[in-house]
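Student: just need the structure, nothing else, for what follows:
(chains A, B, C and D)
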2 protein chains.
Amino acid sequence: MAERPGPQGGHGLLYLTDEQLRKGIEAMFFAYRGFTSAPDRILEEQDYGRAHHRALHFIQRSPGTTVGNLLDILGVTKQSLNRVLRKLMEDGLVEARVGREDRRERHLHLTDKGKVLEKLLADAQRDRMRAAYRAAGPQAVAGFRQVLEAMMDPEMRRHFDGDDKAGSR
Amino acid sequence: MAERPGPQGGHGLLYLTDEQLRKGIEAMFFAYRGFTSAPDRILEEQDYGRAHHRALHFIQRSPGTTVGNLLDILGVTKQSLNRVLRKLMEDGLVEARVGREDRRERHLHLTDKGKVLEKLLADAQRDRMRAAYRAAGPQAVAGFRQVLEAMMDPEMRRHFDGDDKAGSR
DNA sequence: CTTGGAATGTCAACGACGCTGACGTATCTT
DNA sequence: AAGATACGTCAGCGTCGTTGACATTCCAAG
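Tutor: From the prediction side, this is the model:
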């Protein structure tokens, strides 16, 4: 994969100049803002923040996931996550079920109410994503995904790869 | 790498399914973390945060830019930006020069000391970016940039386009 | 000269969301 | 019985966002 253009002197590696890299860095910055702006607007109205969105997203993606697993994915402290989860549970958006095999574990699920908000957020974010994907085309999307994947920390790539849906469990 | 021998139903819009969009959303999340982690580690040692990095970056990019212009680019309140700029000026990393034409404006410049830190941060971030670019290849990079640009808010694209440092090289 | 607006800076207070440290409890493992 | 694990929580702190109010400086217009 990623066949390398050889040492062809002039313009072969133009995309690796400092200036090109700087543009890429700024593109990430500006795009990430656009990426989060739609859900942010929704969250703001309800006294939630991005942290709540992230929790809802990953619980939705992996129903029954444990607190520890979520900590691993989100990369925050348990105190920080706990503050978020407590509020989501108080508000009846998330439900924690004691593990059957290991009763120390709490398996997290969205309630119907939680699913409603999660879907609202996901739809808003997907709309933005879809518009960008459509404007750029399938080939650009493939490249986009390749670069993002290469940019992740290896441990994060572990959480990302392999969860190709497949409803397996 | 294409791990999708999928039996697509003939149409070429497979990349716009909700599942594909969800993967794109998570890719942005995980990649952005990787993208910021290197500079974050450096900043942490010096009592600065991402906000300081952003200010240094955009002052470096456009020496002499005004506070108002920076507010526009960064999309924060002047109170928030002022806190950051004040510290950077106290620490002797940034210098504000009164405008010649309009003496109300402050034109921001990096001091030599500021340039040193900015370069340290930029190098760390570019290293990560370069590795990702190299792994993905030029064509993927082009797609990456197309999608990111389409994802920006139009007003942000204004700040992004056109600053090609044209004529250089 | 006075008035008003624009650009900038400052103070105070607050909220979201990261962090560390310490402690408690239930539960599983050895 | 001892130790490790998973989770929750209290207490405190830091960064960086927010709003609101107010001062200053400068430019321009009446």
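Student: okay, CA-based contacts and neighbour counts for the rest of this
Tutor: Noted.
Student: quick one: is the helix or strand that contains A:F29 near chain B?
Tutor: Using DSSP states H and E, A:F29 falls within helix A:18-44. Yes. Residues of helix A:18-44 contacting chain B under Cα under 8 Å from any Cα of the partner chain: A:18, A:21-22, A:24-28, A:30-35.
Student: mind putting those in CSV, pLDDT included?
Tutor: Below are the residues of helix A:18-44 next to chain B laid out as CSV (pLDDT from 0 to 100):
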residue, pLDDT
A:D18, 93
A:L21, 95
A:R22, 95
A:G24, 96
A:I25, 96
A:E26, 95
A:A27, 96
A:M28, 96
A:F30, 95
A:A31, 96
A:Y32, 96
A:R33, 94
A:G34, 94
A:F35, 95
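Student: filter the residues you listed to the buried ones?
Tutor: Applying 16 or more other Cα atoms under 10 Å in any protein chain shown to the residues of helix A:18-44 next to chain B, the neighbour count classes A:21-22, A:24-28, A:30-35 as buried.
Student: and stretch A:86-95, how far out from the chain's middle?
Tutor: Chain-centre distance of stretch A:86-95: 21 Å, with Cα atoms, centre = their mean, to the nearest Å.
Student: tell me the helix or strand right after the helix holding A:F29.
Tutor: Following helix A:18-44 toward the C-terminus (DSSP H and E): helix A:50-61.
Student: residues contacting the spatially closest residue to A:L148 that is not a sequence neighbour?
Tutor: Nearest residue to A:L148 in three dimensions, chain neighbours excluded: B:A31, at 5.3 Å (Cα to Cα, 6 or more residues apart in numbering or on different chains). By Cα atoms under 8 Å, 6 or more residues apart in numbering or on different chains, the contact set of B:A31 is A:L148, A:E149, A:M151, A:M152, A:D153.
Student: so which residues of chain A form strands?
Tutor: Secondary structure of chain A by DSSP state E: the strands cover A:65-66, A:94-98, A:106-110.
Student: from those, which stretch is densest packed?
Tutor: Burial of the strands of chain A is given as mean neighbour count (mean count of other Cα atoms under 10 Å in any protein chain shown); strand A:106-110 ranks first at a mean of 22.
Student: that strand vs DNA strand C: in contact?
Tutor: No. Strand A:106-110 lies apart from DNA strand C when judged by Cα under 7 Å from any atom of the strand; the minimum separation is 10.2 Å.
Student: which strands and helices sit next to that strand?
Tutor: Applying 3 or more Cα pairs under 8 Å, 6 or more residues apart in numbering or on different chains; DSSP states H and E, we find strand A:106-110 packed against helix A:50-61, strand A:65-66, helix A:67-74, strand A:94-98.
Student: circling back to that earlier point, so is the helix holding A:F29 next to DNA strand C?
Tutor: No. Against DNA strand C, helix A:18-44 shows no contacts by Cα under 7 Å from any atom of the strand, the least distance being 8.2 Å.
Student: gap between that helix and the chain center?
Tutor: 14 Å.
Student: one more: stretch A:115-135?
Tutor: Centre-to-centre, stretch A:115-135 and its host chain are 12 Å apart (Cα atoms, centre = their mean).
Student: now do it, average pLDDT.
Tutor: The pLDDT scores in stretch A:115-135 average 96.
Student: that one close to chain B?
Tutor: Yes. Counting by Cα under 8 Å from any Cα, chain B has neighbours in stretch A:115-135: A:Q125, A:R126, A:R128, A:M129, A:R130, A:A131, A:A132, A:Y133, A:R134, A:A135.
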